[in-house]
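Asker: coordinates only, sequence not included:
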Ligand SMILES: [Zn+2]
């Protein structure tokens with residue numbers, strides 16, 4: 001898919017770095033090893049996706065880190081691209097953190113960076129889309145907006161969305177982090193996107209729209225499926241925009257065991 005066909009959004013800059021995995025865990029290389037800018041030549045005309053693929057493979061030996069944008073306070077928002085093979089076409093996205101005080105999903109995304117991949121998976125890992133909130137342990141972003149109420153699908157203001165914990169922002173997609181992710185998703189065109197939250201210990205499964213995909217995931221991780229509609233969510237926007245299916249995985253409040261994390265890692269790799 002080509003970005004301009006769907007959204008015609010402004011150009012975005014991407015930086016690419018190698019992912020380095022060591023005994024201290026997964027860290028990002030300090031300096032990108034390559035970079036390019038979508039639409040650099042023509043302003044609003046991004047490259048074909050194939051150009052990004054060429055940069056990703058086979059020129060680089062391992063996972064590739066792309067800085068897909070920056071947060072309100074200027075922190076990088078990164079995506080890590082891994083593929084099971086050069087012909088992999090099952091495009092899956094996993095987002096570790098959207099609410100800055102719900103960090104268990106990071107355990108899954110960290111493992112996904114080094115897990116053995118099925119040959120057909122085209123995997124995109126976004127450790128966090130809310131780095132500002134994460135730094136201070138805030139549910140919201142640096143402007144006090146709940147990033148899972150700000151997406152331009154069924155967006156609402158008023159009542160408990162006009163301020164506080166579930167503040168939806170001044171307008172749909174008013175927040176930089178949401179804009180960055182919308183451009184990223186339009187570029188990647190995922191088949192399935194899973195989002196990690198806590199503490200409700202279930203899979204938020206809009207069965208009418210997501211179908212068997214999230215039911216299979218729920219079964220694989222041994223959790224019940226329950227769906228409560230909310231305005232302005234990322235999952236609703238993705239499915240309304242025709243960018244695959246999407247659902248939320250809620251961990252319990254306490255940190256999951258390594259075995260539970262592994263169930264989620266395997267469930268992500270099985271998504272289709
Ligand atoms: Zn949450």
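Answerer: Cool, got the structure. Quick caveat: nothing in here was measured; it's all calculated off a predicted structure.
Asker: Pick out the residue of the stretch 101-250 of the chain closest to the ion.
Answerer: Proximity to the ion, evaluated over the stretch 101-250 of the chain using C-beta to the ion, is greatest for residue 197 at 3.3 Å. Where C-beta positions appear, they are placed from N, C-alpha and C, glycine not excepted.
Asker: Residues in a beta bridge with that residue, which ones?
Answerer: On the basis of DSSP bridges, residue 197 is bridged to residue 250.
Asker: Could you list the contact residues of the chain toward the ion?
Answerer: Within the chain, the positions adjacent to the ion are 99, 102, 197 by C-beta under 5 Å from the ion.
Asker: Just the strands from the stretch 151-272 of the chain, written as ranges.
Answerer: If DSSP state E, counting those that start in this stretch is used as the criterion, the strands of the stretch 151-272 of the chain fall at 192-197, 200-204, 245-252.
Asker: Now render the residues of the chain next to the ion as TSV, adding distance to residue 230.
Answerer: Below are the residues of the chain next to the ion laid out as TSV (distance: C-beta to C-beta, whole Å):
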residue	distance to residue 230
99	13
102	15
197	11
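Asker: which of those residues tops the neighbour count?
Answerer: Most neighbours among the residues of the chain next to the ion, by other C-beta atoms under 10 Å: residue 99, with 24 neighbours.
Asker: any idea how far that one lies from residue 211?
Answerer: Going from residue 99 to residue 211 by C-beta to C-beta, to the nearest Å gives 26 Å.
Asker: Same question for residue 122.
Answerer: Spatial separation of residue 122 from residue 211 under the definition C-beta to C-beta is 21 Å.
Asker: Likewise for residue 257?
Answerer: With the distance defined as C-beta to C-beta, residue 257 ends up 29 Å from residue 211.
Asker: With residue 198 instead?
Answerer: Taking C-beta to C-beta as the measure, residue 198 falls 25 Å from residue 211.
Asker: So between these two, which is more surrounded?
Answerer: residue 198 (19 against 12).
Asker: thinking the more buried one is in contact with residue 249, fair?
Answerer: No. Checked against C-beta atoms under 8 Å, the pair residue 198 and residue 249 is beyond contact range at 9.4 Å.
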